[in-house]
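Visitor: This is a predicted model, with the sequence first.
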Amino acid sequence: MSKSLQAIRGMNDILPEQTPLWRYFEGTVARLLDNYGYKQIRMPIVEFTELFKRSIGEVTDIVEKEMYTFEDRNGDSLTLRPEGTAACVRAVLEHGITGGGQVQKLWYIGPMFRHERPQKGRYRQFHQIGLEVFNLDGPDIDAELIAMTWRLWGELGIRDAVKLELNSLGTSESRGRYREALVEYLSAHHDKLDEDSQRRLKTNPLRVLDTKNADTQAVLVDAPKMADYLDDESRAHFEGLKARLDAVGIPYVLNPKLVRGLDYYSKTVFEWVTDKLGAQGTVCAGGRYDGLVEQMGGKPTTGVGFAMGIERLVLMLETLEQIPEEISRQVDVYLCAFGEEAELAGLALAERVRDQLPNLRLQVNAGAGSFKSQFKKADKSGALYALILGDDEMAQQVVGFKPLRGQGEQQSIAWDALAAHLATCVVQG
Ligand code: ATP
Ligand code: MG
């Protein structure tokens, strides 16, 4: 195939054999979100570039080197969204739905775009489910949204493979004091830092904390600790969160180096990490961003949220073989008809059965074919039963009902009784 006809590197097709697992995952999350009282919001995929610069921060990795930015025909600078929070904040502000302290519990799903080096679990178009809560400032809501993810891992059967890492970045005041102390300490050890960290020391010093460089890590051992700089308000919030996680029985580890890659976080930050996916170990990440709405031109409005990476979680379900049986079978019943007259009758019969059993997954053979070829297709479809309409069945106004997975003999069912019979033997979701 010529190059121009291939997909863009890092942007994947999700093929029909993969979509059942995606839909199972998305459906499970959507049901939980409904049950916890979240409402879906849908934002455009493209926004003005300025939105991301202002919210995510000019000197973050995302804005510095990962955004898909282009000029449209009017000369406006637009960007494919690299994450969902910025657009969600823009949307609630634009529509005034968080004004006057109105609480909003929102969620979204969709593709995000970042120009990163593609590898397992890291792509240039990837998909997130995210949620954002506005105007609830207590640790109770932080705890509840973490509890919801904990429930999700339980339902998906991957709870044992993930670990919750937790930190508090404090209010912007306490963070400011900590930043000063950290800069002072790191500046005194400037020569021992790696090049990237030297640069970050000037632009985004907290990011030095999550360096992978061993020499810089060694310097950090004696660096000032964020926990010592938290003010009373941040400390109380963090204690409140931990008490609630303890009350529910959700285990966590404190990670004082957890800072997150986006500038807007304050107080709570957390990540759910796994060691089952190699280097791309974070499956869900988020935190509180009490200053963001104001920073983007709104009235003071607190916020907290997270986003999970669908590719990584689907990969986990595959790796841990937590694929529910019901999604591997897409067809319940396959109808084979032989000859023009039987095809007409079969089509009408199928529609009548569908009227009566709307959840039945009934596939009617298309493209005619011999006895042998239709049976082969019936078998390959994964169906539990084949329905057979040939000359004999037509003459008697019955349909042959043949178990395909070894549950008994073939029998004849009258057309009028077919739906009732299927209702007894096919479990319907
Ligand atoms: P990472 O440290 O893995 O780069 P991040 O801190 O950049 O993650 P966030 O911006 O917090 O990630 O996004 C939330 C989640 O979205 C991540 O925890 C991850 O599961 C997923 N995610 C982020 N970037 C990618 C990507 N390029 N490909 C696939 N999934 C991604
Ligand atoms: Mg990243």
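Guide: The structure has been received and is ready for your questions. Ligands and ions are numbered 1, 2, ... in the order given.
Visitor: Surely residue 331 is in a helix?
Guide: No. Going by DSSP: H, G, I helix; E, B strand; the rest coil, the assignment for residue 331 is coil, not a helix.
Visitor: can you map out the helices along the stretch 251-400 of the chain?
Guide: For the stretch 251-400 of the chain, helices defined by DSSP state H, counting those that start in this stretch occupy the ranges 292-295, 310-319, 325-328, 340-356, 371-380, 391-396.
Visitor: And these: which comes nearest residue 211?
Guide: Residue 211 sits nearest to helix 310-319 of all these, at 22.6 Å, using Cβ to Cβ. C-betas here are computed from N, CA, C, even on glycine.
Visitor: Residues of this protein that sit close to ligand 1?
Guide: By Cβ under 6 Å from any ligand atom, the part of the chain that sits against ligand 1 consists of 83, 114, 116, 121-123, 126, 128, 261, 280, 282-285, 307-309, 311-312.
Visitor: at 5 Å what do you get?
Guide: 114, 116, 122, 123, 126, 261, 282, 285, 307, 309, 311, 312 (Cβ under 5 Å from any ligand atom).
Visitor: any idea which of the residues you listed is closest to residue 370?
Guide: The nearest member of the residues of the chain next to ligand 1 to residue 370, counting by Cβ to Cβ, is residue 311 at 42.6 Å.
Visitor: these two touch, right, the closest one and residue 121?
Guide: Yes. Counting by Cβ atoms under 8 Å, residue 121 is a contact partner of residue 311 at 6.5 Å.
Visitor: how about the helices of the stretch 251-400 of the chain in TSV, adding mean pLDDT?
Guide: Listed next are the helices of the stretch 251-400 of the chain as TSV, based on pLDDT from 0 to 100:
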stretch	mean pLDDT
helix 292-295	93
helix 310-319	98
helix 325-328	81
helix 340-356	97
helix 371-380	95
helix 391-396	96
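Visitor: Mean neighbour count added to these, as a markdown table?
Guide: Output for the helices of the stretch 251-400 of the chain, formatted as a markdown table (neighbours: other Cβ atoms under 10 Å):
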| stretch | mean neighbour count |
| --- | --- |
| helix 292-295 | 19 |
| helix 310-319 | 20 |
| helix 325-328 | 11 |
| helix 340-356 | 16 |
| helix 371-380 | 15 |
| helix 391-396 | 13 |
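Visitor: Quick one: residues contacting the residue of the chain found nearest ligand 1.
Guide: Proximity to ligand 1, evaluated over the chain using Cβ to the nearest ligand atom, is greatest for residue 309 at 2.4 Å. If you count contacts by Cβ atoms under 8 Å, 6 or more residues apart in numbering, residue 309 has them with 121, 126, 127, 128, 282, 283, 284.
Visitor: ok, the fourth one - contacts?
Guide: Counting by Cβ under 8 Å, 6+ apart, residue 128 touches 83, 84, 109, 110, 112, 307, 308, 309, 310.
Visitor: Equivalent analysis for the last one, please.
Guide: If a contact means Cβ under 8 Å, 6+ apart, then residue 284 has 149, 271, 272, 306, 307, 308, 309, 313 as its contacts.
Visitor: Scan those and report the most crowded one.
Guide: Within the contacts of residue 284, most neighbours by other Cβ atoms under 10 Å means residue 313, with 27 neighbours.
Visitor: Next one: it relative to residue 405, how far apart?
Guide: Taking Cβ to Cβ, to the nearest Å as the measure, residue 313 falls 31 Å from residue 405.
Visitor: What of residue 128?
Guide: Using Cβ to Cβ, residue 128 is found at 38 Å from residue 405.
Visitor: Per-residue pLDDT of the residue lying closest to residue 352 once chain neighbours are set aside, please?
Guide: By the measure of Cβ to Cβ, 6 or more residues apart in numbering, the closest residue to residue 352 outside its immediate chain neighbours is residue 419, 7.2 Å from it. pLDDT, residue 419: 96.
Visitor: Please state the backbone phi and psi of residue 419?
Guide: Residue 419 adopts backbone torsions of phi -60, psi -40, taken as degrees, to the nearest 10.
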